[in-house]
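Peer 1: here's a sequence, model it:
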Amino acid sequence: MPICIIFNPAARGNKARHFRHYLDEMGGAAFKATAAPGDARRLAADAVGESYDVVVAAGGDGTVNEVLNGIGDAGGFARTRFGVLPLGTVNVFARELKISLKIENAWNVLQRGREIALDLPQVEFSQNGGVKKQFFIQLAGAGLDARAIELVVWSHKKKIGPLAYVIAGLKALRERKPKIRASENPANGDPAFEGELVLVGNGKLYGGPFDIFPQADLNDGLLDVCVVPRTDFTTLVQCLPQFLVRQRLPEKLVKRFRAPRFELSAETAAAFQLDGEGIGRLPATFSIAPEKLRVIA
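Peer 2: Okay, the predicted model is just below:
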């Protein structure tokens with residue numbers, strides 16, 4: 001079972017340092033280290049071309065997304081299996097699959113080689129005059145959360161971890177926020193859901209251990225969409241008690257639907273993110289391919 005590990009040396013703090021010390025014990029694996037954004041995607045595509053059976057993302061959710069798309073670039077989903085060694089700030093996908101955040105335990109999971117088939121979501125959107133397609137594995141968002149990601153000070157993220165996102169989110173709350181429309185079939189005149197924040201889940205978790213999509217399943221052929229009509233300090237105060245105690249959003253403050261395909265649009269410029277990384281601007285069309293991704297879990 002040839003394994004190639006795509007390693008982000010800039011992954012957060014002690015986890016990355018511990019991983020470096022652990023490398024020598026990981027016999028039978030090849031390593032490719034990233035040096036700049038986008039490297040993980042290119043290196044993953046190379047690994048597929050070199051016929052590695054398992055390509056592993058060793059880093060945070062951003063590295064996971066890059067490696068996923070690199071496998072896609074090389075047309076490798078049918079013949080290549082995907083693995084994760086969680087070294088990042090939040091590690092949402094690893095948490096979703098209940099992969100241990102301890103490197104030794106996560107490595108043992110990879111060595112056992114148990115394979116599951118997961119749905120693979122993708123997004124199509126316009127960029128630089130053309131149509132671009134990008135995959136994601138766990139979550140997406142448009143509006144407030146994507147804007148917060150744009151406002152994150154990355155030097156702060158290295159020092160204070162998830163708190164950097166909280167600070168950026170409070171900054172984004174003070175800005176004027178575009179209205180986003182979510183519709184399954186806009187051309188057919190289907191009713192649209194409208195809000196200042198739209199969250200999309202392939203799995204249940206968002207932002208860490210938070211169960212934002214309680215009905216979601218990684219292989220049910222559907223994406224779960226949660227629309228928050230208003231995102232202001234009043235809404236924040238209303239959400240906090242249940243969010244902190246139950247790690248969920250109050251259902252009376254959100255609207256939901258589930259679909260295999262839908263479109264997000266906005267009258268003014270609105271950003272969207274995939275797996276916690278800012279990607280582009282709306283409009284964008286979301287869809288899902290059932291059980292297309294082979295994952296070691």
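
Peer 1: got the buried residues for the helix or strand where residue 290 lies?
Peer 2: Assessed by DSSP states H and E, residue 290 sits inside strand 284-296. Neighbour-count burial for strand 284-296 flags 284-288, 292-296 (criterion: 16 or more other CB atoms under 10 Å). To be clear about C-beta, it is placed using only N, CA and C from the backbone, and glycine gets the same treatment.

Peer 1: using TSV, lay out these together with pLDDT and distance to residue 144.
Peer 2: Below are these laid out as TSV (pLDDT from 0 to 100; distance: CB to CB, whole Å):
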residue	pLDDT	distance to residue 144
284	96	16
285	97	21
286	97	18
287	97	24
288	97	24
292	97	30
293	98	28
294	98	34
295	98	30
296	96	34
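
Peer 1: can you tell me which of those residues is nearest residue 161?
Peer 2: Set against residue 161, the nearest of the buried residues of strand 284-296 by CB to CB is residue 295 (25.7 Å).

Peer 1: the closest one against residue 81, yeah?
Peer 2: Yes. Counting by CB atoms under 8 Å, residue 295 does reach residue 81; the two are 6.9 Å apart.

Peer 1: next, show the common contact partners of the two.
Peer 2: Shared contacts of residue 295 and residue 81, defined by CB atoms under 8 Å, 6 or more residues apart in numbering, comprise residue 115.

Peer 1: now residue 52: how far from residue 107?
Peer 2: As judged by CB to CB, to the nearest Å, residue 52 and residue 107 stand 16 Å apart.

Peer 1: what's the answer for residue 275, then?
Peer 2: Taking CB to CB, one finds residue 275 at 22 Å from residue 107.

Peer 1: of those two, which one has the most company?
Peer 2: residue 275 (27 against 22; other CB atoms under 10 Å).

Peer 1: residue 191 versus that one, what's the distance?
Peer 2: According to CB to CB, residue 275 and residue 191 sit 29 Å apart.

Peer 1: check residue 264 too.
Peer 2: 15 Å.
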